[in-house]
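Q: Sequence and predicted structure below; questions after.
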Amino acid sequence: MRPMHPGMMPPPGLPGLMPPPGGAGWGASPDLSSNMTLQQALEYEQQKNNSSNMEPEVIELAHHFNLTDRHARLLNEQLKKRNNTYEDDIASMYEILKGAKNP
């Protein structure tokens, strides 16, 4: 543990932990923590969209209906863009392809 400078005290309950720079206390800006959370979520989404890894649900669907690798990749790319309806989209694909003559 690094020695503390005179006048710089850690917040109660967090021994040895220095407050954030700039003179602001730990609870000074609730917006800062929500902005950091939002930024982390956006970074995660960007990494997920840029990832060439196939989602397990898409792999299972492609295997179940004998889809080509090309079609599975295209489907995976489109589904990555639809976060709000991903599970419903997968379920719909099963229903649609189940009734297709030539999936």
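A: Yes, it's here.
Q: what ranges do the helices span in the chain?
A: Using DSSP state H, the helices of the chain run over 30-50, 56-64, 69-80, 86-98.
Q: Output those helices in CSV; the columns should cover mean pLDDT and mean neighbour count.
A: From N, CA and C alone the C-beta is placed, and that goes for glycine too. Shown next, in CSV, are the helices of the chain (pLDDT from 0 to 100; neighbours: other Cβ atoms under 10 Å):
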stretch, mean pLDDT, mean neighbour count
helix 30-50, 75, 10
helix 56-64, 95, 15
helix 69-80, 93, 14
helix 86-98, 94, 13
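Q: Show the pLDDT at residue 52.
A: Residue 52 carries a pLDDT value of 69.
Q: What of residue 66?
A: 94.
Q: Neighbours of it, how many?
A: Using other Cβ atoms under 10 Å, residue 66 is surrounded by 8 other residues.
Q: Now do it against residue 97, distance only.
A: Separation of residue 66 from residue 97 (Cβ to Cβ, to the nearest Å) stands at 10 Å.
Q: Overlap of the contact sets of those two?
A: By Cβ atoms under 8 Å, 6 or more residues apart in numbering, residue 66 and residue 97 have these common neighbours: residue 103.
Q: I figured residue 86 hits residue 79, correct?
A: Yes - in terms of Cβ atoms under 8 Å, residue 86 counts as a neighbour of residue 79; the distance is 5.9 Å.
Q: Mutual contacts of the two, please.
A: Common neighbours of residue 86 and residue 79, using Cβ under 8 Å, 6+ apart, do not exist here.
Q: What is the burial count for residue 55?
A: By other Cβ under 10 Å, neighbour count at residue 55 equals 17.
Q: just the one 10 residues further on next, same as before
A: Summarising burial for residue 65: neighbours were counted as other Cβ under 10 Å, giving 16.
Q: Show the contacting residues for it.
A: Residue 65 neighbours (Cβ under 8 Å, 6+ apart): 97, 103.
Q: ok, now how distant is it from residue 97?
A: 5 Å.
Q: anything in contact with each of the two?
A: Common neighbours of residue 65 and residue 97, counting by Cβ under 8 Å, 6+ apart, are residue 103.
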